[in-house]
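Undergrad: how would this look folded up:
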Amino acid sequence: MKVLFFLLCFNSINACEKSFSQPVKEIMINGENVIELVKNNNAEGLRTALENGADVNTKDSRGRSLLLLAAVGKKIKIVKILVEYKADVNLQDQQLDSPFLFAGANGQTELVKLFLENGARFDVFNRYNGTALIPACERGHVETVKVLANTEGFPINHVNRLGWTALMEAVILGDGSLKYQQIVQILKDKKAKDIPDNDGVKALEHAKSLGYKEIVKILES
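TA: The predicted model follows:
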């Protein structure tokens, strides 16, 4: 009788444990809950969810992946966990932003380096059909430009949908200040070509018309 009683108790406890743990696991791997873990910067909870089978490439209603959400929120620890679990650094949302493209455009140099080490592609373009380098030049992110321009195989002379290269955007969308002078110098050192825009005007001509004397010197040197 004692043995029978023990077995009945054991089976009852085991059944209770299963009924309790299963919903918890289901909650942890539910897409919306994983998104909340990222938004709330819950690194421990995220790791547990991923260990329990949550999709590391889960997207929200706007097509933003967990990795993109983490990059947008500047949640570096979360980004590193997602990359550790092989999150796709090239996965694009509805606006064609990807973690790599976003990091480049926003001067997140540490993340750019991390994504380059983990499968960043150079043939995935933003909504302007541009690379990560072009908006980095436009916004004056010197260190990011330096990393991308010195990455083997990066398409430094890529022309976007507007007909502009990285060099062109640094000139016509910059303000001629020191950081833009440095960017133009970096591009010049990496043999960037002065490809004319859709109106046939080169970056050098734009620099002259805008009165950016130092940039003109760099381009003419």
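
Undergrad: And for A132, the neighbour number?
TA: 29 (other Cβ atoms under 10 Å). Heads up, the C-betas are built off the backbone N, CA and C, glycines and all.

Undergrad: Could you double-check that it sits in contact with V112?
TA: Yes: A132 lies in contact with V112 (Cβ atoms under 8 Å); the separation is 7.0 Å.

Undergrad: Tell me which residues of the helix or strand harbouring E205 come out buried.
TA: Counting by DSSP states H and E, the element that carries E205 is helix 203-210. The neighbour-count check on helix 203-210 (16 or more other Cβ atoms under 10 Å) flags A203, L204, E205, H206, A207, K208 as buried.

Undergrad: coming back round to it: what residues are shared contacts of A132 and V112?
TA: F100, A103, G104, A120, T144, L148 (Cβ atoms under 8 Å, 6 or more residues apart in numbering).

Undergrad: Quick check on those residues: which are buried?
TA: F100, A103, G104, A120, T144, L148.

Undergrad: Contacts only, for the fifth one.
TA: With Cβ under 8 Å, 6+ apart as the criterion, the residues that contact T144 are A103, G104, G107, Q108, T109, V112, A132, A136.

Undergrad: want to throw the residues you listed into CSV with distance to G163?
TA: Formatted as CSV, the contacts of T144 follow (distance: Cβ to Cβ, whole Å):
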residue, distance to G163
A103, 25
G104, 20
G107, 24
Q108, 27
T109, 28
V112, 25
A132, 19
A136, 18
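
Undergrad: Switch those residues over to JSON lines; also include secondary structure.
TA: Shown next, in JSON lines, are these (DSSP: H, G, I helix; E, B strand; the rest coil):
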{"residue": "A103", "secondary structure": "helix"}
{"residue": "G104", "secondary structure": "helix"}
{"residue": "G107", "secondary structure": "coil"}
{"residue": "Q108", "secondary structure": "coil"}
{"residue": "T109", "secondary structure": "helix"}
{"residue": "V112", "secondary structure": "helix"}
{"residue": "A132", "secondary structure": "coil"}
{"residue": "A136", "secondary structure": "helix"}
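
Undergrad: Nearest to W164 among those residues?
TA: The nearest member of these to W164, counting by Cβ to Cβ, is A136 at 13.3 Å.

Undergrad: what's the pLDDT at the closest one?
TA: A136 is assigned 98 on the pLDDT scale.

Undergrad: what do you get for K191?
TA: pLDDT at K191 comes out at 96.

Undergrad: And the one 10 residues further on, by the same measure?
TA: What the model reports as pLDDT for V201 is 98.

Undergrad: Next secondary structure element downstream of the helix holding E205?
TA: Next element after helix 203-210 (DSSP H and E): helix 213-220.

Undergrad: So which bits of that following helix are buried?
TA: I215, V216, I218, L219.

Undergrad: Adding pLDDT and distance to R127, write those residues out as TSV.
TA: Formatted as TSV, the buried residues of helix 213-220 follow (pLDDT from 0 to 100; distance: Cβ to Cβ, whole Å):
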residue	pLDDT	distance to R127
I215	98	27
V216	98	31
I218	98	30
L219	98	29
